[in-house]
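Student: Build me a model from this:
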Amino acid sequence: MTTYAIGDLQGCHAEFIDLLEVLDFDPRRDRLWLAGDLVNRGPGSLACLREAMALGDAAVSVLGNHDLHLLAVARGGAEPRRKDTLAAILEAPDRERLLDWLQSRPLLVREAIGEETLMTHAGLLPHWSLDQAQGLAAELEACLSGEHAGVFLRRMYGNSPTCWRDDLEGIDRLRVIVNVFTRMRFIDAAGCLDFDAKEGLDSAPPGFAPWFRYPRADDARLVFGHWAALGGETPGSRVNVQALDTGCVWGGRLTALNLDSGERISVPSRQRP
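Tutor: Numbers count the residues shown, from 1 in each chain. Take a look at the predicted model:
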C-alpha cells in the first residue's frame, strides 16, 4: 500500500486522471490525500468532485477555500464570482449528494506515515500544537455538520480578526480557524495573518514572512497546497514542510508526493497559462 498526497485540482480533472495513471493508483491497494480546492477555475470541477467521492475510503480530501466558496454559494447565499466555474455543479442532478459529501470533509488529516504527518489546505499556524490544531479543526467540522452550518457559511467571509486568541468566541473564533486552515500565506511573529499578498515570497509585507519560516516545537511533516506561486518550493523553511500546489490550473503541473518514499511525481497541465 502506498499513500500519495496530491495538490490542488481546481477542476483539472483530465490531469487528475493522467496523474493517477502515472502513479498506477489502485484504490483497492493505495490511498490518496487531496490537499483541498478540488473545484473552481478549471473546466472539470464537477468531474473532480464525482471522481474524488467515487474513490470512497481510498481518498481523503481536506477543505480548501474554493471548496468552502462553493458551499457558501450553494448553501449560504453567497454570490458567485465572475471567474467561478461552478455552474455545472450547481446545476447537476446529483448536486445535493456531492455538496453533502464536500461539506463533510475534514479541515485536517493527521497520521503516522513513517513520521507524524499532517495535511491542511493552507498550512499550520506555528503557535498551534498538533493536538490544538486537530481540536480547532474539529470545532469547525462540527459547525459545518450542524444545524447552523448555513449561518456560518453566510458569515464566513472576512479578514477580521487577523490574530488567533484562545478566548475568541462565536463567528470570530470560527473565522480565524477557517482563515488559518484555508487562506493563510504570510504571518507576523505574533501569528497575525496578512490577506493582501498572494503572490510569491517577494510579495511579503514589511514585518511578515511565510508561515513556514517560523519554527515549531515539533518536527511533524506538514503537507499543504493553496499557494501556487511557490511552485512547490519552500525556501528558507524552518519546519518539515512539503508544498504541493504547482499551479496546474494556471498551466503548471499537477503534483503528487509519495508519503512513504518522499518521491514527487508530476504531470503537465492541459490548461492554457
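Student: and stretch 103-118, how far from the chain's centre?
Tutor: 12 Å (CA atoms, centre = their mean, to the nearest Å).
Student: Just the residues contacting it, thanks.
Tutor: Here stretch 103-118 makes contact (CB atoms under 8 Å, 6 or more residues apart in numbering) with 3, 33, 60-63, 67, 71, 75, 119-121, 124, 130, 133-134, 137, 140-141, 144-145, 149, 177-178, 181-182, 218-223, 240, 259-260. Every C-beta, even on glycine, is put in place using the N, C-alpha and C of the backbone.
Student: quick one: the helices in this protein?
Tutor: 13-23, 45-54, 65-75, 87-90, 95-103, 130-144, 149-155, 170-183 (DSSP state H).
Student: so what secondary structure elements neighbour the third one?
Tutor: Read that as helix 65-75. Taking 3 or more CB pairs under 8 Å, 6 or more residues apart in numbering; DSSP states H and E as contact, the helices and strands that helix 65-75 lies on are helix 87-90, helix 95-103, helix 149-155, helix 170-183.
Student: The fourth one too?
Tutor: Applying 3+ CB pairs under 8 Å, 6+ apart, one finds that helix 87-90 contacts helix 45-54, helix 65-75, helix 95-103.
Student: pLDDT weak spots in this protein?
Tutor: Within the chain, the stretches falling below the threshold (pLDDT under 70) are 273.
Student: any idea how far residue 65 is from the most centrally placed residue in it?
Tutor: To find the centre residue of the chain, average its C-alpha atoms and take the closest one (CA atoms, centre = their mean): that gives residue 121, at 2.2 Å. The gap separating residue 121 from residue 65 is 7 Å, by CB to CB, to the nearest Å.
Student: tell me, what's touching these two both at once?
Tutor: Overlap between the contact sets of residue 121 and residue 65, as judged by CB under 8 Å, 6+ apart, is given by 36-37, 182, 226.
Student: Pipe the helices of the chain into JSON lines and attach distance to residue 193 and mean neighbour count per row.
Tutor: JSON lines is the format used below for the helices of the chain (distance: least, CB to CB, whole Å; neighbours: other CB atoms under 10 Å):
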{"stretch": "helix 13-23", "distance to residue 193": "30", "mean neighbour count": "19"}
{"stretch": "helix 45-54", "distance to residue 193": "27", "mean neighbour count": "21"}
{"stretch": "helix 65-75", "distance to residue 193": "13", "mean neighbour count": "22"}
{"stretch": "helix 87-90", "distance to residue 193": "29", "mean neighbour count": "16"}
{"stretch": "helix 95-103", "distance to residue 193": "24", "mean neighbour count": "16"}
{"stretch": "helix 130-144", "distance to residue 193": "14", "mean neighbour count": "17"}
{"stretch": "helix 149-155", "distance to residue 193": "18", "mean neighbour count": "16"}
{"stretch": "helix 170-183", "distance to residue 193": "6", "mean neighbour count": "20"}
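Student: Tell me which of the ones you listed approaches residue 162 most closely.
Tutor: Taking CB to CB as the criterion, residue 162 comes closest to helix 170-183 out of these, the separation being 8.0 Å.
Student: how big is the angle separating that closest one from helix 65-75?
Tutor: For helix 170-183 against helix 65-75, the angle by axes from the mean of the first three to the mean of the last three CA atoms, to 10 degrees is 130 degrees.
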